[in-house]
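Colleague: no sequence on this one, just coordinates:
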């Protein structure tokens with residue numbers, strides 16, 4: 001598991017995660033019952049919650065600015081609200097709720 005301790009600075013750095021996910025995500029069940037969908041007006045047009053709703057169930061990396069530092073969280077997107085998203089860490093199964101207004105970058109990991 002030490003390969004997961006490296007910094008993610010490029011697409012190549014995601015290879016250990018992609019390998020892990022390709023081997024293990026098939027065993028992970030994501031409950032669609034807890035999904036929170038955006039209001040009707042957000043289902044039209046291009047808004048962050050609208051886009052992310054289409055990524056529910058996928059592994060994503062979210063980068064937010066906290067103070068003057070860039071903070072990254074990675075997990076399986078399980079829910080999207082109008083002002084937040086919910087990530088589940090695929091290793092520890094911990095749940096993290098992220099404020100959607102502080103998100104600067106979202107990387108959807110193919111796998």
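Modeller: Perfect, thanks for sending it. Because the structure is a prediction, the values reported are computed rather than measured. Numbers count the residues shown, from 1 in each chain.

Colleague: Just the terminal-to-terminal distance for stretch 71-87.
Modeller: 14 Å (CA to CA, to the nearest Å).

Colleague: Could you do stretch 77-94 as well?
Modeller: Using CA to CA, the span of stretch 77-94 from its first residue to its last is 12 Å.

Colleague: quick one: low-confidence parts of the protein?
Modeller: Residues of the chain that meet the criterion pLDDT under 70 lie in 1-14, 17-45, 111.

Colleague: Helices of that one, start to end?
Modeller: With DSSP state H as the criterion, the chain has helices at 15-24, 48-53.

Colleague: buried residues in the last one?
Modeller: Right, the one you point to is helix 48-53. 48, 49, 50, 52, 53 (16 or more other CB atoms under 10 Å). In short, each C-beta sits where N, CA and C put it, glycine included.

Colleague: Show me which strand runs longest in the chain.
Modeller: strand 69-80 (DSSP state E).

Colleague: Give me the neighbour count for residue 69.
Modeller: 7 (other CB atoms under 10 Å).
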